[in-house]
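**Student:** based on what follows, work out the 3D shape:
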Amino acid sequence: MTDDAPLLSARGVTKWYGRRLGCRSVGFDLYPGEVVAIVGESGSGKSTLLRLLTRQADLDAGTVSYRMRDGSLRDLAALTDAERAVLRRTDWGFVHQDASFGLRMSVSAGGNIGERLMSAGARHYGDIRAEAGRWLARVEIDEARLDDTPDTFSGGMRQRLQIACSLVTGPRLIFMDEPTGGLDVSVQARILDLLRGLVVDLGLSALIVTHDLGVARLLSHRIMVMKAGEVIESGLTDRVLDDPREPYTQLLVSSILPA
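**Tutor:** Coordinates of the predicted model:
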């Protein structure tokens, strides 16, 4: 696959919940090494879109396709359950707002990372433990905490452990849902610096759902602004945030970002 071939392609993605619109006619391409932020107020449809893109919910219309490692572009709806499970274990990573959704809280930090490695085929205990220790250090957690459980960690440490678990299998695409939501400002800054460095160092593609335009500016190359289930403006992040064209985007920027 070349860098000019999309890694993820969405066309006409639409979802209704009865008579309530979740999202309508969303289409975009995500390229290797690119970070795209989906922003909007609560209820704008951004979280619904993320669930549709990751097949956590079924589409009412449209398609979502993914470029497999052999270069083929596959409709996610046509994949078998086993194929989707392999994607989730290896090629995709997830960073949730609440780290407990991505961790087993009563299993050690090393065990959480190790389980992800084992799901991707690793079997040698010594190698798994060593790799878990390396990833703890990489996300700025003392390796001495390898046998401690996440329920003894601070919120920021849990989030960094979740990031390690997501990245240890070498995924190509990371989905992030409000990755710094609910954390103290100083902790948010540390997590954002860590994420930005890892995305660049590993050449990752990422989709970030956030209401925080500061997060979008720091991490993303492109931005999509959602309102009432539709993408109303998109483009390069700095262009959209510095010179928004839609009145809604202008209001969003003026109310959240400092002048």
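**Student:** going by C-alpha atoms from here, please, whenever you check contacts or count neighbours.
**Tutor:** Noted.
**Student:** so where do the strands sit in the protein?
**Tutor:** 8-17, 20-30, 35-39, 61-67, 73-75, 92-95, 173-177, 205-210, 222-227, 230-236 (DSSP state E).
**Student:** enumerate every residue touching Cys165.
**Tutor:** 112-113, 116 (C-alpha atoms under 8 Å, 6 or more residues apart in numbering).
**Student:** same thing with Gly235?
**Tutor:** 222-224.
**Student:** ok, and the closest non-adjacent residue to Asp151?
**Tutor:** Met105 (5.4 Å; C-alpha to C-alpha, 6 or more residues apart in numbering).
**Student:** and the one you found, how many residues sit next to it?
**Tutor:** Neighbourhood size, Met105 [other C-alpha atoms under 10 Å]: 17.
**Student:** and it, how close does it get to Gly43?
**Tutor:** Distance from Met105 to Gly43, counting by C-alpha to C-alpha, to the nearest Å: 30 Å.
**Student:** center of the chain, which residue is that?
**Tutor:** The residue lying closest to the centre of the chain (C-alpha atoms, centre = their mean) is Phe175, at 1.7 Å.
**Student:** please name the bridge partners of it.
**Tutor:** Under the criterion DSSP bridges, Phe175 forms beta bridges with Phe94, Leu207.
**Student:** with Val231 instead?
**Tutor:** Bridge pairing for Val231 - DSSP bridges - gives Met226.
**Student:** so the residue nearest to Leu236 when sequence neighbours are not counted versus Gly203, what's the distance?
**Tutor:** Nearest non-adjacent residue to Leu236, counting by C-alpha to C-alpha, 6+ apart: Arg222, 4.3 Å away. Taking C-alpha to C-alpha as the measure, Arg222 falls 16 Å from Gly203.
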